[in-house]
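>>> Starting from these lines, generate the structure:
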Amino acid sequence: MTLDAVLARIDSDLPDATERLLDLLRIPSISTDPAFKGDCETAADWLVNELKTLGIEAEKRPTPGHPMVIGHVKGDGPHLLFYGHYDVQPVDPLELWDRDPFDPQIEETAKGKVIRGRGSSDDKGQLMTFVEACRAWKAEHGTLPCAITFFFEGEEESGSPSLVPFMKDNADELKSDLALICDTGMFESRVPSIVTMLRGLLGEEITITAASKDLHSGMFGGVAMNPIRVLSRILADLHDDQGHITVPNFYDGVPELSDEIRQQWQGLAFDHGQFLGDVGLSVPAGEVDRTPIEMIWSRPTAEINGIWGGYTGAGFKTVLPSEAHAKVSFRLVGDQDPHVIRDNFRKMVQDALPADCEVTFKSHGAGGASVTETTDPAFEAARHALSDEWNIPAAYVGCGGSIPIAGHFQDILGTTPMLVGFGKDDDQIHSPNEKYDLESFHKGIRSWARILHALT
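Here you go, the predicted model:
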């Protein structure tokens, strides 16, 4: 099938495609807030209707939360599954937005035209790049190039509580040769990328209790154990002087980079000075024997996300608190087992407790890392397709964050995920004034058309 005709159709149809995206962005599908439950239903209905206009057998499937949207196209060749999510983050604080977050517009900026509105980058704009690529393909050829399953969820921004049960219940229907995910970005906002490493995440909340109540520090200070002092020492001991994490057996399952990937990453010429300088920092922290890009993409972390206890209000109160609290997260890589690490971390804390102190823990989730092998020829085909569209060699990259769906495709469906996205570092996802570059939307559509052509 001719690719040039599809690309030309994408170019000529861009104004209409943009209007369709703006239409979807006007729906306030905030999954975390029950007040917007009806809007999530509306967004799902909107997507079902759009898929049906392409001749796709599509329907809205109920879950205990917000519905899934499933669509199927039969065809020859590989069976692809495309995943995206139609729900969006809350818009608070509303006063920091320059316009109504659900009144999206095309804005001219110093860097070019952007689509401004909640969900424009995360993930409605990215989702629609694939839909619009399929629309152009269908318009030119009367059919899509292969069998495709469309899988859109409405709870990604609220922890996806219905996702795993739904995937397990519908595993046979959702299985495919390759799962395409468009919820990532470009390296340094300019290099097209395929994400092959996603870190896992383990969250732990610690409460250390000493005395049965808060104490007067003049009467009890020095003789009564202060739980903040205990907690501070434990947290400080999580890293040694070289930046290595001291939880016992923490590095079990952490792989070394292959020479090929290491060389490719070095070729990206990552500017850590600018990366840190943009947030007012200058010197890399962490493992001293690792490069900054390794630490972001392929090394595990232990971070203290919050710590509190005692009196923190206005003025001063000489109290010796009864309790001290902290929230600690671990980003995991390779084959690290989050459950083993949780047990080892808890034992480490318990072993460090002095007399008169006890500890309780609260788990905030435990998920392993996701690593995608790139030996399947589809990956090189997709990488060359991206390079052709952006006129920059595309790269296999890591991602410091966690996208659990990628691991679910591997573990539940036995399907290899391919993560390709066109977001940029300044898209302000989850923040006020979220945007998606019109170039990202346009060239994202063209990229998917090229990838479909390359894979079929």
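>>> Which parts of the stretch 1-150 of the chain are helices?
Taking DSSP state H, counting those that start in this stretch as the criterion, the stretch 1-150 of the chain carries its helices at 3-25, 37-53, 124-141.
>>> Looking at those helices, which is nearest to Ser158?
Among the helices of the stretch 1-150 of the chain, the nearest to Ser158 by CB to CB is helix 37-53 (9.9 Å). C-beta coordinates here come from the backbone N, C-alpha and C atoms, glycine included.
>>> Could I get the contacting residues of the residue nearest the centre of the chain?
Among the residues of the chain, the one closest to the centroid is Ile403, at 4.3 Å (CA atoms, centre = their mean). Contacts for Ile403 (CB atoms under 8 Å, 6 or more residues apart in numbering) come out as 181, 183-184, 195, 198, 370, 419.
>>> just to revisit the earlier point, among the helices of the stretch 1-150 of the chain, which is nearest Gln266?
Of all these, helix 124-141 comes closest under CB to CB, at 28.4 Å.
>>> so what does that closest one touch, helix or strand wise?
Secondary-structure packing of helix 124-141 (3 or more CB pairs under 8 Å, 6 or more residues apart in numbering; DSSP states H and E): helix 3-25, strand 79-85, strand 147-153, helix 438-455.
>>> Let me know the outermost residue of the chain.
In the chain, counting by CA atoms, centre = their mean, Met219 sits farthest out from the average C-alpha position, at 50.0 Å.
>>> re the thing from before, so of the contacts of Ile403, which ones are in strands?
181, 195, 198, 370, 419 (DSSP state E).
>>> Name the nearest residue to the third one, sequence neighbours excluded.
Taking CB to CB, 6 or more residues apart in numbering as the measure, Leu198 lies nearest to Ser370, with 4.3 Å between them; neighbours along the chain are not counted.
>>> got any ranges where the protein has weak pLDDT?
Low-confidence segments of the chain (pLDDT under 70): 1.
>>> who wins for most neighbours among the contacts of Ile403?
Highest neighbour count within the contacts of Ile403: Leu198, with 29 neighbours (other CB atoms under 10 Å).
>>> In the sheet, which residues pair with it? Tell me.
Residues in a beta bridge with Leu198, per DSSP bridges, are Ser370, Cys399.
>>> Check the spacing between it and Tyr311 real quick.
Distance, Leu198 to Tyr311, using CB to CB, to the nearest Å: 41 Å.
>>> cool, Leu127 as well?
Leu127 is 47 Å from Tyr311, where distance means CB to CB.
>>> the more surrounded of these two?
Taking other CB under 10 Å, Leu127 and Tyr311 do not tie; Leu127 has more neighbours (23 against 12).
>>> which residues touch the nearest residue to that one once chain neighbours are set aside?
Of all residues not flanking Leu127 in the chain, Gly84 sits nearest, at 3.3 Å (CB to CB, 6+ apart). Going by CB under 8 Å, 6+ apart, Gly84 touches 123, 126-127, 130, 151-152, 181-183.
>>> I'd like the helices and strands packed on helix 124-141 as TSV, with distance to Gly398 appended.
Formatted as TSV, these follow (distance: least, CB to CB, whole Å):
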stretch	distance to Gly398
helix 3-25	29
strand 79-85	20
strand 147-153	24
helix 438-455	20
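>>> Tell me, how many residues neighbour Ile412?
By other CB under 10 Å, neighbour count at Ile412 equals 18.
>>> cool, Phe409 as well?
27.
>>> give the contact list for it.
Contacts of Phe409 by CB under 8 Å, 6+ apart are 81, 83, 179, 181, 415-417.
>>> Which of these ranks first by neighbour count?
The contacts of Phe409, ranked by neighbours (other CB under 10 Å): first place Tyr83, 27 neighbours.
>>> shouldn't it be in contact with Ile148?
No. Between Tyr83 and Ile148 there is no contact under CB atoms under 8 Å: 11.5 Å.
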